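Engineer: fold the following.
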Amino acid sequence: MFDCFGCGVRQTDRDRGSSEAESNDPSTTPSEEVTVSYEPSHKMTAVTHTDDPEYDLLKPHDLVQFLIDANIRLVSLRYLMDLHAAGRLWRRRQEAEQELVSMDEIENLKQATFCPSPAPLRGDLVGSRRGGAFNRSNSGQNPVRIYAISHCWEAQQHPDPFGFQCSKLVGWFASDGASIERIGFMHPDSTWLFIDYICLPQYQRTEDEQVSFSRAMKAMHVLYAHAAIYHVIRLEDIAPSPHFPMPKFIEIYCESTSKVELRPFAELALNRVPYSQRGWCIAEVQWMSTKDSIFGYAPLTPAMFQERVKRGLEGRQDGLTLKFTHRDDLHNVVRLQEAVFLKHSQRRKKLEAYDLPLQELQVLAETLPHFVNLEVLRVVWHEADVGLFDSCIAILKPVIARCTRLSEATVLVLVINEISDTKEISRYADLLLT
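Structural biologist: Just a heads-up that it's a prediction; the model follows:
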């Protein structure tokens, strides 16, 4: 599945080039699962680290400041399109340095005017709101939209060794299905993306690179949860490698020579762990769920998240089976999930949930009362059977009374009118009506 929305998880910090064990460390492999003893706290209090800077997830300036503080260089859609057209793979930050968005360009966003995307009209129940754009003062420059990519690392040494994800990503911007994003596609030089492998320094890093990398990792949630991120694109599929031709060589970092060079493709440690079991991917999904629009996944309270992680570690089917290479990764993911949820549960006023399966509806029902200032709730499906529609009403109706600030709570199913090629409402329910 290839999906988009506002965030997911990587298997390990090492996949981004971790500070503890590096992406080419031969002592472990990216598919190794660590058994971690973890006891959920069930205490709804965020863990804070006073030495780390705090970034307000609603202030555009704070997103820009985080990019500067952590020395994160974004990549333009233009560069990705050029790589794809040439049949080349993503390059590490160190090798792509000259092709990336410059730090001066990022700093200039401080002087830009941030314009949130217009909210859908009240009568338009089908539109989801995007983050917005940075309008630069130079009238000749197009507005900047920043995207974050949540994806799997398909090999220990390279996240996209088959070019499968690059093809999917470029194709998404070009597809009719991305028509809501067409304005971004029309300006590939001002469509900037965060892709960890390209935008963060990879192993082996200099001392300065390690400092900036560590800063990025401490606040990685900013890139998936911030309101000024225009959209988070979730690439859940991995290449069907048995059906892909295996190249003879691939350009990767070589531990023995300390260089990036062509190496036999057979040296790759491929990782077939699904997106839904990768610890960092699930964290990114949870961070994304702080946005107004959520797709396919419901936000978990910290207690629910921690309990599911614990059950997964115990091998129970109803738990989150997350795979990490390093013990500290689990604790970092849990800490950040808790901190981000607690901060945004008080702020959230609107929630549009798209295409939630039955299990996620049950999660949403448990979570809703924690959004004490929620005013608008919309649950939307693109095609759904009557049973799911009725189940949604039965699941959510009992908790609506506990959401005392709600002025709108609706459930609807959309279908495509084949004649007009427009979306129409086929089923509708108002949960506020008795």
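
Engineer: where does this protein dip in pLDDT?
Structural biologist: 1-51, 118-129, 139, 176-186, 241-243, 324-327, 434 (pLDDT under 70).

Engineer: where do the strands sit along it?
Structural biologist: In order along the chain, the chain carries the following strands (DSSP state E): 2-5, 75-76, 113-115, 133-135, 145-151, 191-194, 231-235, 249-254, 259-264, 293-295, 350-354, 376-382, 408-417, 422-430.

Engineer: deepest-packed of those, please.
Structural biologist: Most buried of the strands of the chain, by mean neighbour count (mean count of other CB atoms under 10 Å): strand 145-151, with a mean of 27. Where C-beta positions appear, they are placed from N, C-alpha and C, glycine not excepted.

Engineer: report the separation between the closest residue to residue 220 other than its chain neighbours and residue 117.
Structural biologist: The shortest distance from residue 220 to any residue other than its chain neighbours is 7.4 Å, reached at residue 336 (CB to CB, 6 or more residues apart in numbering). Distance of residue 336 to residue 117, computed by CB to CB, to the nearest Å: 26 Å.

Engineer: ok, those two, which is more surrounded?
Structural biologist: Ranked by neighbour count (other CB atoms under 10 Å), residue 336 and residue 117 place residue 336 first, with 21 against 16.

Engineer: hang on, that one packs against residue 221?
Structural biologist: Yes: look at residue 336 against residue 221 with CB atoms under 8 Å: they come within range, at 5.1 Å.

Engineer: next, show the common contact partners of those two.
Structural biologist: Between them, residue 336 and residue 221 share the neighbouring residues 283, 287, with contact defined by CB atoms under 8 Å, 6 or more residues apart in numbering.

Engineer: show the contacting residues for residue 101.
Structural biologist: Residue 101 makes contact with 73-76, 192 under the criterion CB under 8 Å, 6+ apart.

Engineer: distance of it from residue 57?
Structural biologist: As it turns out, when the distance is counted by CB to CB, residue 101 lies 21 Å from residue 57.

Engineer: name the nearest residue to residue 296, ignoring sequence neighbours.
Structural biologist: Nearest to residue 296 is residue 355, by CB to CB, 6+ apart, at 5.7 Å.

Engineer: ramachandran coordinates for the one you found?
Structural biologist: In terms of degrees, to the nearest 10, the main-chain angles of residue 355 are phi 50, psi 50.

Engineer: number of residues surrounding it?
Structural biologist: By the measure other CB under 10 Å, the count of residues near residue 355 is 17.

Engineer: in contact with it, which residues?
Structural biologist: 295-296, 380-382.

Engineer: and which of those residues is nearest to residue 245?
Structural biologist: residue 296 (31.5 Å; CB to CB).

Engineer: surely that closest one meets residue 361?
Structural biologist: No: taking contact to mean CB under 8 Å, the distance of 11.4 Å between residue 296 and residue 361 leaves them out of contact.

Engineer: hey, which helix is longest across the protein?
Structural biologist: For the chain, the helix that runs over the most residues, judged by DSSP state H, is helix 327-345.

Engineer: show me what that helix is packed against.
Structural biologist: helix 13-16, helix 279-288, helix 302-313 (3 or more CB pairs under 8 Å, 6 or more residues apart in numbering; DSSP states H and E).

Engineer: out of those, which is the most enclosed?
Structural biologist: Between these, the one whose residues have the most neighbours on average, counting mean count of other CB under 10 Å, is helix 279-288 (a mean of 28).

Engineer: now do the longest helix of the chain: distance to the chain's middle.
Structural biologist: Taking CA atoms, centre = their mean, to the nearest Å, one finds the center of helix 327-345 at 15 Å from the center of the full chain.

Engineer: just want the angle from that helix to helix 302-313.
Structural biologist: An angle of 150 degrees separates the directions of helix 327-345 and helix 302-313 when computed by axes from the mean of the first three to the mean of the last three CA atoms, to 10 degrees.
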